[in-house]
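Participant: Compute the structure for the input listed below.
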Amino acid sequence: MGAAPTTLTRRPSLNAPENTPKPRWTTSKWPLVRWLVTLSPLESMRLEGLLAVIQVILEEGNEQRVFRVQHPQVSPNQAVERYIETLRQTDGGRPKLWGWDEAREGWHCASRVALTPGAGPKWTHGPEGVIISSPPLVPGWPVEISIGLRSDVWFDRLPALRMMDGHHRPPNPYSERAVDNAPLAQQHTPGLNAFLQGVAQSVRIFGGQWALDDTQAGAWYRPMCHEHGILLQ
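Facilitator: Okay, the predicted model is just below:
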């Protein structure tokens, strides 16, 4: 599938403490980078096997405090188990994960991200978080689960120049023209990297494949991405 054009949109001004720098991160309509879990038809034959992979991803997100599913009437300690049961009973055995802007039967997904200088990480339902999605998971068919990012708040170097078409940016994220986003990235990206590494290890135990898909990443972000997360200085 061809790469979609990257369109960055500046987020509204956040309520930062007085005299602190304004955040420079943005969000995109398309993923800046994503990591893919792939199961072959043979490996995805049993529904319980598919649900086990999903459960591993969600439990790893909980453990690293990066990503979680939640429901207003379900205890956080029981959320993963109850959500897996919901998937088991949904769409005639064809469970589907969703992105940040969707919900089902009261379930939502959230990510823990530091968005404002001078403030710590907070749980958010916005597009600046981790996006985990998939098409309907059908036993016996190839399965692809995507873990992606639509915001550059996770990178510690941001482009000093921004064009809405995404083409005219400084080519080197380690140049003097870069904007330092390390105060934010250092608060949540190490956890993201640990989450991705844990998922990759577990997926391979299940016989699946794990890969970085940076085909949609602009020239600025690509050098900072690798199979197990985002490079930090």
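Participant: Could you double-check that Leu212 sits in contact with Cys225?
Facilitator: Yes. The pair Leu212 and Cys225 passes the contact test of Cβ atoms under 8 Å, sitting 6.1 Å apart. The C-beta positions use only the backbone N, C-alpha and C, and glycine is treated the same way.
Participant: who touches both of these two?
Facilitator: Residues touching both Leu212 and Cys225 (Cβ atoms under 8 Å, 6 or more residues apart in numbering) are Val33.
Participant: Between these two, which is the more surrounded one?
Facilitator: Applying other Cβ atoms under 10 Å to Leu212 and Cys225 shows that Cys225 carries more neighbours, namely 21 against 18.
Participant: so how far is Leu231 from the more buried one?
Facilitator: Between Cys225 and Leu231 the distance is 7 Å, computed by Cβ to Cβ, to the nearest Å.
Participant: ok, now Arg82?
Facilitator: 36 Å.
Participant: swap in Leu184?
Facilitator: Per Cβ to Cβ, Leu184 is found 16 Å from Leu231.
Participant: who has more neighbours, these two?
Facilitator: Leu184 (24 against 15).
Participant: now the strands for the protein?
Facilitator: For the chain, applying DSSP state E gives strands covering 8-10, 26-28, 33-39, 67-70, 108-113, 122-124, 130-133, 143-149, 157-158, 179-180, 209-213, 225-226, 229-230.
Participant: Can you tell me which helices and strands the fourth one packs against?
Facilitator: Translated: strand 67-70. Packing contacts for strand 67-70, counted by 3 or more Cβ pairs under 8 Å, 6 or more residues apart in numbering; DSSP states H and E, involve helix 47-63, helix 79-88, strand 108-113.
Participant: where does the chain have low pLDDT?
Facilitator: Across the chain, the ranges flagged by pLDDT under 70 are 1-23, 41-46, 90-105, 137, 139, 161-176, 216.
Participant: For the lengthiest helix in it, list every residue counted as buried.
Facilitator: Longest helix in the chain, counting residues (DSSP state H): helix 182-205. Using 16 or more other Cβ atoms under 10 Å as the burial criterion, the residues of helix 182-205 that qualify are 184-185, 187-189, 191-200, 202-203.
Participant: quick one, that helix and strand 33-39 angle?
Facilitator: 10 degrees (axes from the mean of the first three to the mean of the last three Cα atoms, to 10 degrees).
Participant: was I right about Ser111 contacting Val130?
Facilitator: Yes. Using Cβ under 8 Å, Ser111 is in contact with Val130, at 4.6 Å.
Participant: Would you mind telling me which of the two has the busier surroundings?
Facilitator: Comparing Ser111 with Val130 by neighbour count (other Cβ under 10 Å), the higher total belongs to Ser111, at 28 against 24.
Participant: which residues does that one form a beta bridge with?
Facilitator: Judged by DSSP bridges, the bridge partners of Ser111 are Phe67, Thr124.
Participant: ok now do it, which residues does it touch?
Facilitator: Val66, Phe67, Trp100, Trp123, Thr124, Glu128, Gly129, Val130.
Participant: For the fourth one, give me its contacts.
Facilitator: With contacts defined as Cβ under 8 Å, 6+ apart, the neighbours of Trp123 are Arg68, Ala110, Ser111, Arg112.
Participant: The residue lying closest to the last one once chain neighbours are set aside: how many residues sit nearby?
Facilitator: The shortest distance from Arg112 to any non-neighbouring residue, by Cβ to Cβ, 6 or more residues apart in numbering, is to Pro121 (4.8 Å). Look at Pro121: counted by other Cβ under 10 Å, it has 16 neighbours.
Participant: Enumerate every residue touching Glu108.
Facilitator: For residue 108 the amino acid is His, not Glu. Val69, Gln70, His71, His125.
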